[in-house]
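> Sequence plus the predicted model coming up.
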Amino acid sequence: MEAPLLSKLVVAIIALLLFQPSITAVVTASSSSSTADVAAAPSCNGNGGATRTHEQCSGSTTTTSPDDDWLEDEMKNIPFSRTSLREQQQQQSTISLLQATQTFFSKESSTNHDDDDAPTTQPNDELQQTIHDHASSLQPILISIRRLLHRYPELMYQERITSQIIQRILTEMGITNYSVGWAKNIYSKYYDPNDNSIMEDTGEGEYDGGGHGIVVDIGSGEGPCVLLRADMDALPLVEKTPLPPDLTGVEDDGGDDDSNNDPAFHSHHHGKMHACGHDAHMTMLLGATLLLKSLQNDDNGYAFPGTIRIIFQPAEEGGAGAKRMTEEGVLKLHPPPSYAFAMHVWPTLPSGHIGFRSGAMLGAADMFTLVIEGVGGHAAFPHLVKDPIVASAAVIMNVQTLLSRSMNPLESGVVSITQVTAGDGAFNVIPDKAVLRGTIRALSDDALLKLREGLVHIATNTARAHGCEVASSTFSKDHYPVTMNDDRFYPFAAKVAGLVSEGGEHTAVEPTMGAEDFAFLAQGVPSAFFFLGQGGKESVSTDDEAEDGHVDDVGRSSGCGKCGGKVPTNLGLHHPEFNLDEDVLGRGVELFANLALRALKDLQ
């Protein structure tokens, strides 16, 4: 009997070995989106690697290792590997940072609290200097990561490639445990924040249910906990920035058409662009993650107490991704965060300067669509029609009285009509319908709701005065609340911002009507939001650099022959020629790292 049993065992082992690849493929396919699609064409946005969602792991960590050929090729351009990162652990800058952090946390906290919950720890110059030195050494890595992310912009709830790149970089850092699957689109497969078909199904499989957010914990896994957040999505814009060559030195053609297959770092996804700096935000947070990971001791403990929670959040550009993650329980994970921090590059501030204020930092915002219906007909017989275009023109003018006659003059608000659509191309036909789209904004949630009510009232009655009707008025599924900086943070945040900022002090800024879905996180945990200046600077120093596509030893160049070698970095956010000052990437790393470590010290 023993011989037949042995033979069966051998056959079973051989069969297992032969079919192991098929078993692995099944696990991968069942755990994530099709890897084969991504390997064939990265624009298909597949999410490679066997991974579990945060629901499946109940908030625990998960391991993923995307290994598609296209991503492996891209990763070769980033000047690190697992071996070199291990070597970095032995570099003097890392040893100095580890020692400075240990010294910082071993000292008695010098606080002077008027409110026991208010963080007012005194910044430590020695720690900042070592953080600065370490962040500066990461500049080649930071530039390479930012340019890789810039090449593959994705719209809200579509951030498959972006998520995969981040996961791959985390793996290179030696971080293999994190949760994924955050920020699912709860409304429909094809997300439209305003209930209108502004996003159409292209048949290319681009739109899905989201769930591409990532949460990483660095530290002991116990309290206290500080949260750092970066947004991931891009905008539906055709990139027109005359970008420089990539690290390879190949000249860019100045557009987002990738037909020439060059490796320049302009958008490789036509009609999509990182025009709001989210590629920079992700890069800076990845850099901070790498820096904080280097504070791990030989015994796998950390030089700081508690946990730093790193959040890569999808769908900021109108999709309320932060609200989705909050609803999914990101603020309830163990340990729950005590403070939360985020930042945004800001072209109207000089490069390297950090802006901050107490109270309202960014406004509340809502999007709207008004459909005005009348009676169409021939343009030669206007007396026989009810013209929705004339009614729309009157509505556009009249809604401005919301601000001058309906709002408290001590409050602030904005009503902007940004799209007007009517007619189907015939020049001599008055259409039967016109569509108005726009935004309303205010510096308080109450004021925003009053503007919404007043907008519908004025539009309805104005349309009726012209014989038309407002057939429908729709608003965002999730209007953004005011982004509030907790008043108790001001002493702490002002000191830390000043410590990191160019010139040694933070810039006091006025609130802006721009909106941020970080506001949803700030509603659940004391928070502070910062502006990182990146404007008023040209990206290369000489015309010679631009003409020959020169890239210096840290990979910096924003030169291009067509633009005379000067690409300004002070164009506004959401501009099709928006350009990042890559010099500020390291400063963003410094700000994230200082905020996290000093907040933990304060909480300790």
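That came through fine.
> C-alpha from now on. contacts and neighbour counts both.
Noted.
> Extract the C-alpha set from stretch 69-78 and format it as PDB.
What follows is stretch 69-78, C-alpha atoms only, in PDB (Å, rounded to 0.1, in the frame of the first residue of the first chain):
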ATOM      1  CA  ASP A  69       5.800  45.500 -17.100                       C
ATOM      2  CA  TRP A  70       4.900  49.100 -17.900                       C
ATOM      3  CA  LEU A  71       5.100  50.100 -14.200                       C
ATOM      4  CA  GLU A  72       8.400  48.300 -13.800                       C
ATOM      5  CA  ASP A  73       9.800  50.200 -16.700                       C
ATOM      6  CA  GLU A  74       8.600  53.500 -15.200                       C
ATOM      7  CA  MET A  75      10.000  52.700 -11.800                       C
ATOM      8  CA  LYS A  76      13.500  52.300 -13.400                       C
ATOM      9  CA  ASN A  77      13.500  56.100 -13.900                       C
ATOM     10  CA  ILE A  78      13.100  56.700 -10.100                       C
END
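> Can you classify the residue nearest to residue 78 when sequence neighbours are not counted by secondary structure?
Nearest in space to residue 78, with sequence neighbours left out and distances taken as CA to CA, 6 or more residues apart in numbering, is residue 144 at 5.3 Å. Under DSSP: H, G, I helix; E, B strand; the rest coil, residue 144 falls in the helix class.
> how far away is residue 144 from residue 102?
30 Å (CA to CA, to the nearest Å).
> Which one's more surrounded, these two?
residue 144 (25 against 17; other CA atoms under 10 Å).
> Run through who's touching stretch 459-470.
Applying CA atoms under 8 Å, 6 or more residues apart in numbering, the contact partners of stretch 459-470 are 370-375, 386-388, 390-392, 394-395, 398-399.
> redo that, cut-off 10 Å
When contacts are defined by CA atoms under 10 Å, 6 or more residues apart in numbering, stretch 459-470 is touched by residues 370-375, 385-396, 398-399, 432-435, 454, 456-458, 471-473.
> Kindly export that stretch (C-alpha atoms) in PDB.
C-alpha atoms of stretch 459-470 as PDB (Å, rounded to 0.1, in the frame of the first residue of the first chain):
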ATOM      1  CA  ALA A 459     -34.300  82.300 -11.400                       C
ATOM      2  CA  THR A 460     -37.800  80.900 -11.100                       C
ATOM      3  CA  ASN A 461     -39.500  84.300 -10.900                       C
ATOM      4  CA  THR A 462     -37.300  85.900 -13.600                       C
ATOM      5  CA  ALA A 463     -38.000  83.100 -16.000                       C
ATOM      6  CA  ARG A 464     -41.700  83.400 -15.400                       C
ATOM      7  CA  ALA A 465     -41.600  87.100 -16.100                       C
ATOM      8  CA  HIS A 466     -40.300  86.200 -19.600                       C
ATOM      9  CA  GLY A 467     -43.000  83.500 -20.100                       C
ATOM     10  CA  CYS A 468     -40.600  80.600 -19.400                       C
ATOM     11  CA  GLU A 469     -40.200  78.100 -16.500                       C
ATOM     12  CA  VAL A 470     -37.300  76.700 -14.500                       C
END
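> How about it, which residues are buried there?
Using 16 or more other CA atoms under 10 Å as the test for burial, stretch 459-470 gives 459, 460, 462, 463, 464, 466, 467, 468, 469, 470.
> And the third one, how close does it get to residue 453?
Spelled out, that is residue 462. Applying CA to CA to residue 462 and residue 453 gives a distance of 14 Å.
> what does the second one give?
As for residue 460, its distance to residue 453 is 11 Å (criterion: CA to CA).
> Pull up the gap between residue 140 and residue 370, please.
Taken as CA to CA, the span from residue 140 to residue 370 is 49 Å.
> For the two, indicate the residue with more neighbours.
The neighbour count for residue 140 versus residue 370, taken as other CA under 10 Å, is higher for residue 370 (23 against 18).
> for the strand or helix carrying the more buried one, what is the average pLDDT?
If you go by DSSP states H and E, residue 370 is part of strand 364-373. Confidence for strand 364-373, expressed as mean pLDDT, is 97.
> now that strand, how far from the centre of its chain.
Remark: strand 364-373 is offset 25 Å from the chain centroid, using CA atoms, centre = their mean, to the nearest Å.
> Tell me the strands beside the next helix or strand after that strand, with direction?
Sequence-wise, the next helix or strand downstream of strand 364-373 (DSSP H and E) is strand 377-378. Paired neighbours of strand 377-378 in the sheet (DSSP bridges): strand 429-430 (antiparallel).
> ok, residues contacting the strand it pairs with?
Residues contacting strand 429-430 (CA under 10 Å, 6+ apart): 374-382, 385-389, 422-424.
> Just the buried subset of those residues, please.
374, 376, 377, 385, 386, 387, 388, 389, 422, 423.
> out of these, which one sits closest to residue 353?
Closest approach between the buried ones among the contacts of strand 429-430 and residue 353, by CA to CA: residue 422, at 45.0 Å.
> If I follow the layout properly, the closest one ends up in contact with residue 391?
No - in this structure, residue 422 is not within contact of residue 391 by CA atoms under 10 Å, at 11.7 Å.
> so what's in contact with those two at the same time?
Residues touching both residue 422 and residue 391 (CA under 10 Å, 6+ apart) are 372, 434.
> average pLDDT for stretch 520-528?
Averaging pLDDT along stretch 520-528 gives 97.
> and residue 404, helix, strand or coil?
Strictly by three-state DSSP, residue 404 counts as helix.
> can you count the residues close to it?
11.
> For it, give its distance to residue 379.
35 Å.
> Check residue 522 too.
Distance from residue 522 to residue 379, by CA to CA: 53 Å.
> how far away is residue 498 from residue 530?
In terms of CA to CA, residue 498 sits 12 Å off from residue 530.
> if I look at those two, which residues touch both of them?
Joint contacts of residue 498 and residue 530 (CA under 10 Å, 6+ apart) are 354, 355, 356, 506, 591.
> Sketch out the strands for the stretch 251-400 of the chain, chain order is fine.
Secondary structure of the stretch 251-400 of the chain, counting by DSSP state E, counting those that start in this stretch: strands at 307-313, 339-350, 354-356, 359-362, 364-373, 377-378.
> In the fourth one, which residues are buried?
Residues of strand 359-362 classed as buried by neighbour count (16+ other CA under 10 Å): 359, 360, 361, 362.
> bridging residues for the residue nearest to the spatial centre of the chain?
The residue lying closest to the centre of the chain (CA atoms, centre = their mean) is residue 231, at 1.8 Å. Residue 231 forms beta bridges with residue 313, as assigned by DSSP bridges.
> Export the buried residues of strand 359-362 to TSV and append columns for distance to residue 535.
What follows is the buried residues of strand 359-362, written out as TSV (distance: CA to CA, whole Å):
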residue	distance to residue 535
359	24
360	23
361	19
362	19
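> ok, which stretches of the stretch 151-300 of the chain are helices?
160-172, 278-293 (DSSP state H, counting those that start in this stretch).
> which residues touch stretch 402-415?
With CA under 10 Å, 6+ apart as the contact definition, stretch 402-415 has outside contacts at 363-367, 396, 399-401, 438-444, 447-448, 450-452, 454-455, 458, 513.
> how about that stretch as PDB, C-alpha atoms only?
Taking C-alpha atoms only, stretch 402-415 is exported to PDB below (Å, rounded to 0.1, in the frame of the first residue of the first chain):
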ATOM      1  CA  LEU A 402     -28.200  88.000  -4.300                       C
ATOM      2  CA  LEU A 403     -24.900  89.400  -3.100                       C
ATOM      3  CA  SER A 404     -25.800  93.100  -3.200                       C
ATOM      4  CA  ARG A 405     -29.300  93.000  -1.800                       C
ATOM      5  CA  SER A 406     -29.900  89.600  -0.200                       C
ATOM      6  CA  MET A 407     -26.700  88.900   1.700                       C
ATOM      7  CA  ASN A 408     -25.500  90.600   4.800                       C
ATOM      8  CA  PRO A 409     -22.900  93.100   3.600                       C
ATOM      9  CA  LEU A 410     -20.500  91.900   6.300                       C
ATOM     10  CA  GLU A 411     -20.600  88.400   4.800                       C
ATOM     11  CA  SER A 412     -18.900  87.200   1.700                       C
ATOM     12  CA  GLY A 413     -20.300  85.200  -1.300                       C
ATOM     13  CA  VAL A 414     -19.800  84.500  -5.000                       C
ATOM     14  CA  VAL A 415     -22.300  83.500  -7.700                       C
END
